[in-house]
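Peer 1: Give me a model of this one.
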Amino acid sequence: MCHRRHVDFEEAYFMKKVTKATIAAVAAGALLLGGAGTVARWQAQQTIDAGTVETGHLNLTTGGAGVWQDISNPEAPEPFDPATQQLVPGDVVSFSQTATIDAEGKNIAGSLSVDQLDTALGALEGYVTVALQVDASAPGITEETDGTLTFAEPGTYSVPFLITVTFAEGTVGDTPPSTYDQVLDLEALTLTLDQVRA
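Peer 2: Sure thing, here's the model as predicted:
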């Protein structure tokens, strides 16, 4: 009886060791499988020299001081100096200047437009009008149906423009004294050049 119990004890001890070994082996296998994602693989790299890419530009400038003229008689324009001469009903004067567009870029095109003159007419409201005209005949410039000017090629373009100030003549006695000695500020003129794709 004692011999049998001794054998059972040895068998149990042996089975216990086998079980521990099996658990350890399974754990080691799990660790190996779990770390498989971090195993390094071959990789090669090569630098490509594609050179450089450069952006273009779109600039708008005005040159010179501009020229004032009295065009009350369109057939015989005369010089006009706003610093020393004043308007009276029936006068029409103009200011001419040139804008320069400088555009660079493969698919560049642009639209030049003139914002409405935000001119504070004050007491001259209803008696004086201010208008602006852009010369669309400049080489390389096209006038669109909406009145803006466009170009479709890179380059430099000169675009003349003209501001006209008209003091309505009216009839005798219908221009009130409130229009005397008034200052008309024309510094709010804005030319805007917007980039679009050709």
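Peer 1: Now do the strands in the chain.
Peer 2: Secondary structure of the chain (DSSP state E): strands at 57-70, 78-79, 92-104, 108-114, 128-134, 142-143, 149-151, 155-167, 191-197.
Peer 1: Tell me which strands the longest one pairs with, and in which orientation.
Peer 2: Taking DSSP bridges as the criterion, strand 57-70 pairs within the sheet with strand 78-79 (antiparallel), strand 92-104 (antiparallel).
Peer 1: With the fifth one instead?
Peer 2: On the basis of DSSP bridges, the sheet neighbours of strand 128-134 come out as strand 155-167 (antiparallel).
Peer 1: For the chain, give me the ranges with low pLDDT.
Peer 2: Along the chain, segments meeting pLDDT under 70 span 1-37, 115-120.
Peer 1: Domains in it, by residue range?
Peer 2: 2-34, 57-197 (automatic domain parsing).
Peer 1: okay, the ones you listed in TSV with mean neighbour count and distance to Gly51 next?
Peer 2: For glycine as for every other residue, the C-beta is placed from the backbone atoms N, C-alpha and C. TSV is the format used below for these (neighbours: other C-beta atoms under 10 Å; distance: least, C-beta to C-beta, whole Å):
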stretch	mean neighbour count	distance to Gly51
domain 2-34	10	46
domain 57-197	14	15
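Peer 1: Columns distance to Gln46 on top of these, output as JSON lines?
Peer 2: As requested, those are exported to JSON lines (distance: least, C-beta to C-beta, whole Å):
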{"stretch": "domain 2-34", "distance to Gln46": "34"}
{"stretch": "domain 57-197", "distance to Gln46": "29"}
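Peer 1: hang on, the earlier thing: as TSV, the strands paired with strand 57-70 with distance to Arg197 would be great.
Peer 2: Formatted as TSV, the strands paired with strand 57-70 follow (distance: least, C-beta to C-beta, whole Å):
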stretch	distance to Arg197
strand 78-79	44
strand 92-104	12
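Peer 1: which stretch among those strands comes nearest Asp194?
Peer 2: strand 92-104 (11.4 Å; C-beta to C-beta).
Peer 1: quick one: the closest one to chain centroid distance?
Peer 2: In terms of C-alpha atoms, centre = their mean, to the nearest Å, the centre of strand 92-104 is set 21 Å apart from its chain centre.
Peer 1: relative to strand 191-197, how tilted is that strand?
Peer 2: Going by axes from the mean of the first three to the mean of the last three C-alpha atoms, to 10 degrees, strand 92-104 is angled at 30 degrees with respect to strand 191-197.
Peer 1: so Thr156 bridges to which residues?
Peer 2: Going by DSSP bridges, Thr156 forms beta bridges with Asp102.
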